[in-house]
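Chemist: output the structure for:
(chains A and B)
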Amino acid sequence: MSGALVYDNLCAFYGSSQILHGVSFEVGQGTVACLLGLNGMGKTTTLRATMGLVDRLEGKVVLNGEELRGPTYRRSQMGITLVPEDRKVFPNLTVDENLRVAKRKAARGQDFTIAEALEIFPRLGERMSQKAGTLSGGEQQMLVVARAMLANPHYMMLDEPTEGLAPSYVDAIKQSIDAARNRGIGIVLVEQSLPLALAVGDRFYVMENGQIVQSFVRDEVLAAPDRLANMLTVE
Amino acid sequence: MSDSLAASATLSRDMVRTTTYALVVVAALGASVPLWTGSMPFLLILASQAVIAAIVALSLDLLMGSTGLLSFGHAAWYGFGAYLTGLAAKLLTPEMLIVLPLTLVATIVLATIIGFVLVRQIGKTFAILTLALGQIMFALVFVMSGVTGGEDGLQGIPVPKAFGIPVVRPDVWYWILYGVLLAAILASFHIRRSPLGKAWLAIRENTERARFIGLDTGSLKLLSYVVSATLAALAGGLFALFNGAASSDLLNWFESGKVLMYVVLGGVGTIIGPVIGAAVFTITEHYVSSITNSWLIYFGGFFVLIVIVAPGGLFGALSSLWSRFGASRRGAAS
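Modeler: Numbers count the residues shown, from 1 in each chain, chains lettered A, B, ... in the order given. Okay, the predicted model is just below:
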């Protein structure tokens, strides 16, 4: 697929422990792929491996026809960015500085601007001169998502972006995913909240023991949502 | 906006304006030192030493306060600049507009090579390696005693010239040093506000997250190390030309410790704080050490007190008092 993010038989290791066992899937531009599964199945490791943050890798991840290689910052410059689940902002920089430091020119298409980020997250607009470390958890999550979008990536990986957030913040995150998708940004979403995944996802991949064991397209899931829900329930 | 908010915003703008005026007045007062120390030339020399200390403190703050790299061996660059400038003045030309740029270029080259290895280390490892670098430079003074003068130090540095005119008068010297300090302060503020400065701060706050947004943290840290080393070498070069000599003490770990104390005492990352810390330290050191040989004990106690009572340093404490003053004005206005 041209311009796609392609995972080709990816294996990842921490020390001598193998965490991923041949993960393969594709994400297209402007689509949302949801990685689902119980805790400890390798979802977060898949994202970290994409950024080169595991001890050893086999297989490959290809972005726009080019294999992702090298240190994390270079992978980010190639057009992929990760929003980790611990939502760490730069606490002693203001909200404005957090956004400006992430701003990068788009390699193609129109730049995503700070003004547009503030349209999606108006709450941040009211806090621009405030130190980011003093924001609430939900506001910090908005800030890290906005920061990732301002890097103008081709693909964005979101790890549990709504974990522990109030419903109003979850709506804002959903809105940001829609906005990114409308701009042609592809998204890999790791999410425990099935309602959000169902609301935004185009393809759904269920992981077990470091492998993808099932995949569904949106229509399949909407036709029988219980089937997916059952796979994500501990018996 | 409600009336009270509007009034508060106006007062905030007033505070910013007042702070700016206050800084301009302080800068002008600093520039006027030679005008009122005419009958006490020693005071002018002491003030000049404080200005050199302030430049080297500012150089360390550029490293610690921006990318968060803690150096225990910053005097290595201070001493390197002093010896290289002194040697160039002795062997090549006393023209400071030639020898100082030579020193800066040599420092940039050497700091880039050494920094390339150092900045790849993190935390304590980086700090310990900088300490080791300082001690290696210190030892080299004795190993190369034929060139450096060894224990006697580098003596006989000629009177420097600027545009061919000998710089002898203490007041002219002071204004040169003070001009360099002001330029370094303004450059530091400019860098801090620039995208480069923000990227450095992002690295200090969270290096991994900085990489996630595409910042080449290794190169950016190296740049901050080189800029910091170069400014320290400039301070060292000015010291050697001003004093007409350079000694191995400039490279010793004790000197590095003093520079670190200037920064912590004044307030890490505040730019103005380390300048205040260096000035307070240098002037107080002179007077207290002339009263008692145990001055280090008193200094140690004062340092501990500042770290505990005012973790933001003297600048942090002054800023806090200034903010309270502003808040009380707002309270009175409403």
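
Chemist: buried stuff in the helix or strand containing residue B:35?
Modeler: If you go by DSSP states H and E, residue B:35 is part of helix B:33-36. Within helix B:33-36, the residues scored as buried using 16 or more other C-beta atoms under 10 Å in any protein chain shown are B:33-34. C-beta: built from backbone N, CA, C; applies to glycine.

Chemist: contacts only, for residue 180.
Modeler: No chain specified, so I'll use chain A. A:149, A:156, A:187 (C-beta atoms under 8 Å, 6 or more residues apart in numbering or on different chains).

Chemist: please go with chain B instead
Modeler: Going by C-beta under 8 Å, 6+ apart, the list of residues near residue B:180 reads B:55, B:234, B:238.

Chemist: could you rerun that using 7 Å?
Modeler: The contact partners of residue B:180, by C-beta atoms under 7 Å, 6 or more residues apart in numbering or on different chains, come to B:55, B:238.

Chemist: and for stretch B:204-223, what are the contacting residues?
Modeler: Outside stretch B:204-223, the residues touching it (C-beta under 7 Å, 6+ apart) are A:51, A:72-73, A:76-77, A:81-82, A:88, A:90-93, A:102, A:104, A:147, A:151, B:66-69, B:112, B:115-116, B:119-120, B:199-200, B:202-203.

Chemist: change it to 6 Å
Modeler: A:72-73, A:76-77, A:82, A:88, A:90, A:92, A:102, A:151, B:67-68, B:115, B:119, B:199, B:202-203 (C-beta atoms under 6 Å, 6 or more residues apart in numbering or on different chains).

Chemist: send me it as PDB with only the CA atoms.
Modeler: What follows is stretch B:204-223, C-alpha atoms only, in PDB (Å, rounded to 0.1, in the frame of the first residue of the first chain):
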ATOM      1  CA  ARG B 204      16.200  19.000  30.300                       C
ATOM      2  CA  GLU B 205      12.600  18.300  31.200                       C
ATOM      3  CA  ASN B 206      12.300  14.900  29.500                       C
ATOM      4  CA  THR B 207      14.900  13.700  27.000                       C
ATOM      5  CA  GLU B 208      12.900  10.700  25.800                       C
ATOM      6  CA  ARG B 209       9.800  12.800  25.100                       C
ATOM      7  CA  ALA B 210      12.000  15.300  23.300                       C
ATOM      8  CA  ARG B 211      13.100  12.500  21.000                       C
ATOM      9  CA  PHE B 212       9.500  11.500  20.400                       C
ATOM     10  CA  ILE B 213       8.900  14.900  18.900                       C
ATOM     11  CA  GLY B 214      11.900  14.600  16.600                       C
ATOM     12  CA  LEU B 215      14.600  16.500  18.500                       C
ATOM     13  CA  ASP B 216      18.100  15.200  17.900                       C
ATOM     14  CA  THR B 217      18.900  15.300  21.600                       C
ATOM     15  CA  GLY B 218      22.600  14.200  21.200                       C
ATOM     16  CA  SER B 219      23.500  17.000  18.800                       C
ATOM     17  CA  LEU B 220      21.500  19.600  20.800                       C
ATOM     18  CA  LYS B 221      23.200  18.600  24.000                       C
ATOM     19  CA  LEU B 222      26.600  18.700  22.200                       C
ATOM     20  CA  LEU B 223      25.800  22.200  21.000                       C
END
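
Chemist: hmm, back to that, which strands or helices does whichever helix or strand comes after the helix holding residue B:35 pack on?
Modeler: The helix or strand immediately downstream of helix B:33-36 is helix B:41-64, counting by DSSP H and E. Helix B:41-64 sits against helix B:170-193, helix B:217-243, helix B:253-266, helix B:272-291, with contacts defined as 3 or more C-beta pairs under 6 Å, 6 or more residues apart in numbering or on different chains; DSSP states H and E.

Chemist: could you rerun that using 10 Å?
Modeler: Counting contacts by 3 or more C-beta pairs under 10 Å, 6 or more residues apart in numbering or on different chains; DSSP states H and E, helix B:41-64 is packed against helix B:3-31, helix B:33-36, helix B:75-91, helix B:170-193, helix B:195-205, helix B:217-243, helix B:253-266, helix B:272-291.

Chemist: just to revisit the earlier point, packing partners of the helix holding residue B:35?
Modeler: In terms of contacts (3+ C-beta pairs under 10 Å, 6+ apart), helix B:33-36 is packed against helix B:41-64, helix B:170-193.

Chemist: any idea how far the first one is from the chain center?
Modeler: Its chain's C-alpha centre lies 6 Å from the corresponding centre of helix B:41-64 when counted by C-alpha atoms, centre = their mean, to the nearest Å.

Chemist: just stretch B:78-96 next, same as before
Modeler: 20 Å.

Chemist: that stretch: which residues count as buried?
Modeler: Those would be B:78-90, B:94-96, for stretch B:78-96 by 16+ other C-beta under 10 Å.

Chemist: cool, stretch B:37-46 as well?
Modeler: So for stretch B:37-46, counting by 16+ other C-beta under 10 Å, buried means B:37, B:43-46.

Chemist: so can I have JSON lines of these showing pLDDT?
Modeler: Rendered in JSON lines, the data for the buried residues of stretch B:37-46 read as follows (pLDDT from 0 to 100):
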{"residue": "B:37", "pLDDT": "84"}
{"residue": "B:43", "pLDDT": "91"}
{"residue": "B:44", "pLDDT": "93"}
{"residue": "B:45", "pLDDT": "93"}
{"residue": "B:46", "pLDDT": "94"}
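
Chemist: which single one of the residues you listed is nearest to chain A?
Modeler: Lowest distance from chain A to the buried residues of stretch B:37-46 (C-beta to the nearest C-beta) belongs to residue B:46, with 35.6 Å.

Chemist: next, the contact list for the closest one, please.
Modeler: B:33, B:37, B:40, B:282-283, B:285-287 (C-beta atoms under 10 Å, 6 or more residues apart in numbering or on different chains).

Chemist: ok, those vs residue B:304, which is closest?
Modeler: Relative to residue B:304, the closest of the contacts of residue B:46 is residue B:285; by C-beta to C-beta it sits at 16.5 Å.

Chemist: so what's the residue count around the closest one?
Modeler: For residue B:285, the neighbour count with other C-beta atoms under 10 Å in any protein chain shown is 18.

Chemist: state the mean pLDDT of the longest helix along chain A.
Modeler: Longest helix in chain A by number of residues (criterion: DSSP state H): helix A:167-182. Throughout helix A:167-182, pLDDT has a mean value of 89.

Chemist: just the CA trace of the following helix or strand past that helix, in CSV.
Modeler: Using DSSP H and E, the helix or strand that follows helix A:167-182 towards the C-terminus is strand A:186-190. This file holds the C-alpha atoms of strand A:186-190, laid out as CSV (Å, rounded to 0.1, in the frame of the first residue of the first chain):
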residue,chain,number,x,y,z
GLY,A,186,-2.9,7.4,9.9
ILE,A,187,-3.4,6.4,13.5
VAL,A,188,-2.4,3.3,15.5
LEU,A,189,-4.6,3.3,18.6
VAL,A,190,-4.0,1.1,21.7
